[in-house]
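K.L.:
this one's sequence-less:
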């Protein structure tokens, strides 16, 4: 069957999937640069809760730290704030969602299919970096010596 279709369809499929994956990774990187740990943790809790059809989540703070690219202590602080808001309950390796709507409200919303601009996260504007490690004065001194 593959011989009848040729290899072109497979190349197109791989190219399309890799392009989508790259776009998704870029959106996650922008989200990580733009939002607080608490907002990103809330986003992932919503995603996982919906993906598990409401079943209790069995993940540790170390697991969330690896997912979010932060230390477990940062996850602990963000989880404590979400728990104090009455949105979730964390226990030894288990997470229970208490208020899904409230959790969605405090999440950054990146990747949420209900929001039209979900994949269009824009990182905050930062000042441009200098063109070189050396200032122009240092470069001039080095060339003059």
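P.N.:
Yes, it's here. If you're wondering where the values come from, they're calculated on a predicted model, not measured in any experiment.
K.L.:
at which residues are the strands of the protein located?
P.N.:
88-91, 94-97 (DSSP state E).
K.L.:
which one's the longest helix in this protein?
P.N.:
Longest helix of the chain, by residue count under DSSP state H: helix 8-34.
K.L.:
quick one: which of the strands of the chain is nearest residue 20?
P.N.:
strand 94-97 (28.2 Å; CB to CB). Heads up, the C-betas are built off the backbone N, CA and C, glycines and all.
K.L.:
now do that closest one, average pLDDT.
P.N.:
Here strand 94-97 scores 90 as its mean pLDDT.
K.L.:
list the helices and strands that strand packs on?
P.N.:
Packing partners of strand 94-97 (3 or more CB pairs under 8 Å, 6 or more residues apart in numbering; DSSP states H and E): helix 37-51, strand 88-91.
K.L.:
same list (the ones you listed) but as a markdown table, adding mean neighbour count and mean pLDDT.
P.N.:
As requested, the helices and strands packed on strand 94-97 are arranged in a markdown table below (neighbours: other CB atoms under 10 Å; pLDDT from 0 to 100):
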| stretch | mean neighbour count | mean pLDDT |
| --- | --- | --- |
| helix 37-51 | 20 | 91 |
| strand 88-91 | 16 | 90 |
